[in-house]
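Q: model the following, please.
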Amino acid sequence: MIHQPTDKIKKIFVYILIFLFVSTIFNFQILNSFFKLFKINKIEIKNIAYQREFNFFVGQNIFNINKKDAISVIKKFPNIEKYKINKIYPNQIRISLFETKPIGKIFKNNELFIIGSNGKIFKGKDSKNLPLIEGTLEMNKINNFFKKIQLSTFNLNKIKKLVYYPSNRWDIIFKDKTIVKLPSEQLTTNIKRAEILLRTKEFKSKVIDLRIKDRLILYNE
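A: All right, here's what the predicted structure looks like:
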């Protein structure tokens, strides 16, 4: 009779251990199912051309996703100007990519590159509507000039070439054979002068030389 309480205690202890063991397995299964719920199983990108680049996110926990990882991938595409990354709980990601607007083209090492409004160059298809850049490969010079042109009323689709010269000046060659020779100084002012002149038909298909300050030279090429 003396051992009965001890035996009962042992039995209770065993029952407690069994209960804890079973409940632990049960809780583990719940936790495991819970974590699986937040594993990414879908990446939504409208342009499927970029889909493969982001597939490494599949299987990752949505709470552990670092946007910097996605941004590092996006930076590999110079034709992307803007982007949005949204987490759609519990297990999806939506990535919106906005491509830059092509504004020009340039040949580099005999390869054609497109110039985007974001100031970067990238490989792309040739387009007759885009002006060709000649005379320089320096993107800071090209981008600065494009900014001034885009502030004007000039239609880029009507420009055939933009030619840079070592004297730090540009020629604008239009598809209708009109040529505007700009000086190296007061560029914005002279672009506005050219805008006014080109509103008159008599200046069409002519060479408009604005290189000499306060003078206008007009001739046929």
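Q: next structured bit after the helix or strand of the chain with the lowest mean pLDDT?
A: When the helices and strands of the chain are compared on mean pLDDT, DSSP states H and E, helix 4-37 comes out lowest with a mean of 56. Next helix or strand after helix 4-37 toward the C-terminus (DSSP states H and E): strand 42-45.
Q: for the chain, which segments count as strands?
A: Assigned by DSSP state E, the chain shows strands spanning 42-45, 80-88, 92-99, 102-108, 111-116, 121-122, 132-134, 159-165, 169-174, 179-181, 207-209, 217-219.
Q: including mean pLDDT, mean neighbour count and distance to residue 70, could the ones you listed go into TSV?
A: Using the backbone N, CA and C atoms, a C-beta is placed for each residue, glycine as well. Below are the strands of the chain laid out as TSV (pLDDT from 0 to 100; neighbours: other C-beta atoms under 10 Å; distance: least, C-beta to C-beta, whole Å):
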stretch	mean pLDDT	mean neighbour count	distance to residue 70
strand 42-45	90	14	10
strand 80-88	91	14	5
strand 92-99	92	16	7
strand 102-108	95	18	24
strand 111-116	95	18	20
strand 121-122	96	18	19
strand 132-134	97	19	32
strand 159-165	97	18	35
strand 169-174	96	21	39
strand 179-181	96	21	44
strand 207-209	94	18	49
strand 217-219	85	10	55
